[in-house]
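heads up, no residue letters with this:
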């Protein structure tokens with residue numbers, strides 16, 4: 001059995017660039033009629049096999065874990081999710097919904113994997129790139145991290161990184177504003193909707209593209225959109241703009257399935273890195289990154305170059 005590595009992830013993006021991706025997002029039904037694979041066949045078979053083996057093992061042994069896969073098993077067997085995390089359960093007929101197939105569970109697990117891993121690494125890279133160009137911001141977020149770790153004896157828990165580091169939160173949000181991992185969202189209109197102020201109706205079934213990166217760099221919503229400034233996410237500035245002009249994870253019922261997982265990973269990585277290392281620029285600090293035009297995930301051409309040094313004083 002071949003393992004699915006980080007290199008495989010990169011291969012997936014290179015193999016799904018251009019026409020295949022555009023077709024897959026714009027017209028899934030047409031793509032299903034054509035011999036075009038959105039994901040390479042060996043990756044599909046591997047992931048489906050892993051999920052199928054996991055489901056069979058848990059159902060056979062009665063193993064229950066409070067994780068994403070257990071929720072999928074509930075949907076597969078029962079058609080609903082409850083708080084017991086059991087494999088089977090009882091619910092009235094009117095409350096039950098369509099159950100998932102093993103293939104559908106594998107597809108959900110794959111999206112969760114894709115949404116939570118590749119996007120996390122790119123967000124960390126973009127964040128460190130901006131921090132090396134803004135040493136004052138880097139120092140401030142390091143002080144925030146140092147202070148919290150000192151109060152908690154160097155321990156890092158989910159609650160600590162998600163609720164006790166407000167400046168780190170701003171830095172991550174600003175990174176996602178400037179470099180949204182998915183720069184364009186695709187949605188389908190579920191009911192006719194007249195655009196306010198325009199003689200235009202979006203009809204049910206229409207496909208809509210939402211330019212996330214363009215919204216994130218619009219001066220109507222952000223005072224200095226081309227500048228990396230964590231204060232764009234101060235309470236004052238957040239209250240002054242429409243909440244849906246910031247969409248790094250989408251919004252509504254199609255909100256990114258890996259949002260919480262991704263945020264946890266990004267913050268955890270930054271806490272460990274910034275508590276131990278300083279990140280310094282390589283080359284011209286004023287130069288801007290150029291983005292690859294065909295990638296699904298926002299990716300800089302040639303990557304990002306950083307110089308890393310041990311901090312003189314480290315918390316742990």
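Cool, the structure landed. Keep in mind the model is a prediction, meaning the values are calculated, not measured. Numbers count the residues shown, from 1 in each chain.

quick one: residue 63 and residue 57 touch, right?
Yes - contact criterion C-beta atoms under 8 Å: residue 63 and residue 57 qualify, at 6.8 Å. Placement of C-beta: from N, CA and C, glycine included.

avg pLDDT for the host helix or strand of residue 136?
Residue 136 is located in helix 135-151, with elements delineated by DSSP states H and E. Helix 135-151 shows a mean pLDDT of 95.

follow the chain on from it and name the next helix or strand.
Following helix 135-151 in sequence order, the next helix or strand is helix 158-163 (DSSP H and E).

and that following helix, what other elements does it pack with?
helix 259-274 (3 or more C-beta pairs under 8 Å, 6 or more residues apart in numbering; DSSP states H and E).

between the helix it packs on and helix 135-151, how big is the angle?
100 degrees (axes from the mean of the first three to the mean of the last three C-alpha atoms, to 10 degrees).

need the contact partners of the helix or strand following helix 259-274.
Once the chain leaves helix 259-274, the next helix or strand it forms, by DSSP H and E, is strand 277-281. Contacting residues not belonging to strand 277-281 are listed as 128, 131, 132, 133, 138, 273, 306, 307, 308, 309, 310, 311 [C-beta atoms under 8 Å, 6 or more residues apart in numbering].

select only the buried ones of these in PyMOL?
The PyMOL selection below is limited to those of these classed as buried (16 or more other C-beta atoms under 10 Å):
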select buried, resi 128+131+132+133+138+273
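
which among the contacts of strand 277-281 gets closest to residue 181?
When the contacts of strand 277-281 are ranked by distance to residue 181 (C-beta to C-beta), residue 128 comes first, at 15.1 Å.

shouldn't that closest one be within a helix?
Yes - remark: residue 128 belongs to a helix, assigned using DSSP: H, G, I helix; E, B strand; the rest coil.

so it versus residue 264, what's the distance?
Distance, residue 128 to residue 264, by C-beta to C-beta, to the nearest Å: 18 Å.

swap in residue 270?
On the measure of C-beta to C-beta, residue 270 and residue 264 end up 11 Å apart.

so for the two, which sits in the more crowded spot?
Using other C-beta atoms under 10 Å, the more surrounded residue of residue 270 and residue 264 is residue 270, with 24 against 16.

now do the strands in the stretch 151-300 of the chain.
In the stretch 151-300 of the chain, the strands defined using DSSP state E, counting those that start in this stretch lie at 184-188, 193-194, 201-202, 207-211, 277-281.

format the ones you listed as a markdown table; extra columns: mean neighbour count.
Shown next, in a markdown table, are the strands of the stretch 151-300 of the chain (neighbours: other C-beta atoms under 10 Å):
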| stretch | mean neighbour count |
| --- | --- |
| strand 184-188 | 15 |
| strand 193-194 | 12 |
| strand 201-202 | 13 |
| strand 207-211 | 13 |
| strand 277-281 | 17 |
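
want to throw these into JSON lines with mean pLDDT?
What follows is the strands of the stretch 151-300 of the chain, written out as JSON lines (pLDDT from 0 to 100):
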{"stretch": "strand 184-188", "mean pLDDT": "88"}
{"stretch": "strand 193-194", "mean pLDDT": "92"}
{"stretch": "strand 201-202", "mean pLDDT": "92"}
{"stretch": "strand 207-211", "mean pLDDT": "90"}
{"stretch": "strand 277-281", "mean pLDDT": "93"}
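
mind checking which of those strands is nearest residue 124?
Per C-beta to C-beta, nearest to residue 124 of those: strand 277-281, 10.9 Å.

go ahead and name everything in contact with stretch 219-226.
The contact list for stretch 219-226 (C-beta under 8 Å, 6+ apart) reads 177, 215, 216, 217, 218, 229, 232, 237, 241, 242, 245, 246.

and that stretch, what's buried?
Within stretch 219-226, the residues that count as buried by 16+ other C-beta under 10 Å are 221, 222, 225.

show me what contacts residue 103?
Applying C-beta under 8 Å, 6+ apart, the residues near residue 103 are residue 48.

and it, how far is that from residue 59?
In terms of C-beta to C-beta, residue 103 sits 16 Å off from residue 59.

same question for residue 159.
Relative to residue 59, residue 159 is positioned 33 Å away (C-beta to C-beta).

next: residue 194.
According to C-beta to C-beta, residue 194 and residue 59 sit 49 Å apart.

same check on residue 254?
Distance of residue 254 to residue 59, computed by C-beta to C-beta: 30 Å.
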